[in-house]
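Colleague: predicted model, plus sequence, below.
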Amino acid sequence: RRGMSAVYILAVAATLGLLAERATVVRVSPRSRPLCAALPDDELDRLFFDRAELFVRSGAGGKGAVGFRSRKPAGGNGGAGGNVFLVCDSSVNTLGHFRGRMSVRAEPGTDANSIESGRAAPEVLVKVPPNCRVTDAATDALIKELVNPGDRLLIASGGAGGEGNGDVFKRTGTDSHRVTPPGGTERRKLLLSMTLVADVGLVGFPNAGKSTLISAVTRARPKVADYPFTTLVPNLGVCEPYGAGSGQMLLLDIPGLIQGASEGKGLGLAFLRHTEGCRLLIHLVSGESETPAADFVAINRELEQYSPRLAGTPQVVVLSKVDLPHVAARVPAALEALRAVVPHGRILCISAHTGLNVDQLVSRTYKLLRQQAGRQKGQLQSSGNANGAEGLVTV
């Protein structure tokens with residue numbers, strides 16, 4: 001018995017060892033995740049949740065029936081298939097709910113049963129965020145842009161229910177056993193994309209202090225740390241420069257721009273496309289940088305290569321982290337270098353950590369936005385069309 005028990009134990013141990021070899025699980029610490037510069041484009045799209053592919057299919061119609069009442073044709077009709085609608089909903093602010101859900105299918109209508117007609121299938125409502133562009137994946141043609149909450153788009157029509165012999169006989173008066181086939185499904189592959197809309201965008205190299213600034217002037221609480229690519233998704237925050245009810249401006253943290261961003265390097269296009277709707281840019285240059293002027297030029301070169309219109313957006317240039325002792329000593333040299341390459345005088349030293357000059361930055365930015373709005377209104381009134389707004393980029 002002892003010999004049999006020993007053999008049994010050895011056999012079980014060998015089996016468990018074999019299973020362990022085949023089912024090895026490697027646990028990766030979040031800190032061991034590679035920088036976003038090494039992520040492929042499809043992984044970046046999933047990371048930002050601002051683009052999604054979606055397959056939709058409406059429901060087919062139900063079959064009509066052959067039935068008689070008192071020897072007269074009275075077969076019921078099939079139920080209509082379900083429609084698929086895209087609905088703009090303010091409770092949704094990203095396309096993240098489509099992650100892992102690549103298809104939406106409506107139910108078919110039920111078949112008729114003798115003289116009883118089938119039931120129509122319920123419609124399917126798919127929520128999308130405001131400013132969502134819907135594009136046909138097959139033709140790359142824009143179908144519609146859902147901008148305001150409550151906007152609806154019928155994207156796939158359900159099939160009509162088949163006629164029973166009752167309605168067919170009433171319509172033709174000839175064939176008492178004839179039914180019509182039900183309508184089929186409509187299938188479409190869609191590309192959904194959204195653009196965050198803000199008044200002011202924060203741009204600059206990684207770790208320049210953008211997330212610290214937006215957390216200091218709004219209630220947004222992005223992740224803040226002393227290593228690059230801390231922020232992996234855009235952050236929106238509402239700033240009230242003079243207190244509640246005095247006016248607001250919406251700030252967008254656009255992190256992670258590096259040289260080659262316009263070509264898709266680093267976080268690249270995944271962030272740059274969100275800057276186009278901003279009326280003003282706050283360009284942060286880290287005070288810890290050995291080459292602040294070169295950093296400023298490099299970021300503006302990426303903006304220019306991505307979109308000349310974006311490069312013309314007015315900027316406020318901010319030298320950040322001036323509270324650090326090793327930065328404070330070289331602030332005069334950094335400012336002199338920046339003034340040599342910045343084509344305007346909107347340059348300010350701040351410390352978002354201590355609050356130095358932050359209120360001054362907020363008030364100046366808000367005044368500049370109001371000036372832009374006034375100029376835009378005046379130009380539109382004088383020209384009678386929207387083309388006058390193009391001159392606003394040179395402030």
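Modeller: In hand now; what should we look at?

Colleague: bridged to residue 113, which residues?
Modeller: Counting by DSSP bridges, residue 113 is bridged to residue 116.

Colleague: please read the previous query as pertaining to residue 316.
Modeller: Beta-bridge partners of residue 316, as defined by DSSP bridges: residue 282.

Colleague: distance of it from residue 368?
Modeller: 7 Å (CB to CB, to the nearest Å). Heads up, the C-betas are built off the backbone N, CA and C, glycines and all.

Colleague: find residues that contact each of these two.
Modeller: 280, 346 (CB atoms under 8 Å, 6 or more residues apart in numbering).

Colleague: pLDDT weak spots in the chain?
Modeller: Residue ranges of the chain with pLDDT under 70: 1-49, 101, 220-234, 244-246, 255-271, 376-395.

Colleague: in it, which spans are helices?
Modeller: With DSSP state H applied, the chain shows helices at 2-22, 41-48, 165-172, 210-217, 269-272, 292-306, 308-311, 325-328, 331-341, 358-383, listed in chain order.

Colleague: show me where the stretch 51-200 of the chain has strands.
Modeller: For the stretch 51-200 of the chain, the strands defined by DSSP state E, counting those that start in this stretch cover 51-57, 68-69, 72-73, 84-88, 103-105, 124-128, 132-136, 142-146, 152-156, 187-194, 200-203.

Colleague: just say which of those is most tucked in.
Modeller: Of all the strands of the stretch 51-200 of the chain, strand 200-203 has the most neighbours on average by mean count of other CB atoms under 10 Å, namely a mean of 26.

Colleague: mind listing what the closest residue to residue 178 other than its chain neighbours touches?
Modeller: Closest residue to residue 178 apart from its sequence neighbours, by CB to CB, 6 or more residues apart in numbering: residue 168 at 4.8 Å. Residues in contact with residue 168 (CB under 8 Å, 6+ apart) are 64, 73, 175, 178-180.

Colleague: let's go with 10 Å and repeat that
Modeller: The neighbourhood of residue 168, defined by CB atoms under 10 Å, 6 or more residues apart in numbering, consists of 64, 66, 73, 75, 77, 162, 174-180.

Colleague: in PyMOL, select just the buried ones from these.
Modeller: Buried residues among those (16 or more other CB atoms under 10 Å), as a PyMOL selection:
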select buried, resi 64+66+73+75+77+162+176+178+179+180
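
Colleague: mind putting the contacts of residue 168 into TSV with distance to residue 214?
Modeller: Shown next, in TSV, are the contacts of residue 168 (distance: CB to CB, whole Å):
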residue	distance to residue 214
64	61
66	68
73	71
75	66
77	58
162	58
174	74
175	72
176	74
177	72
178	68
179	64
180	61
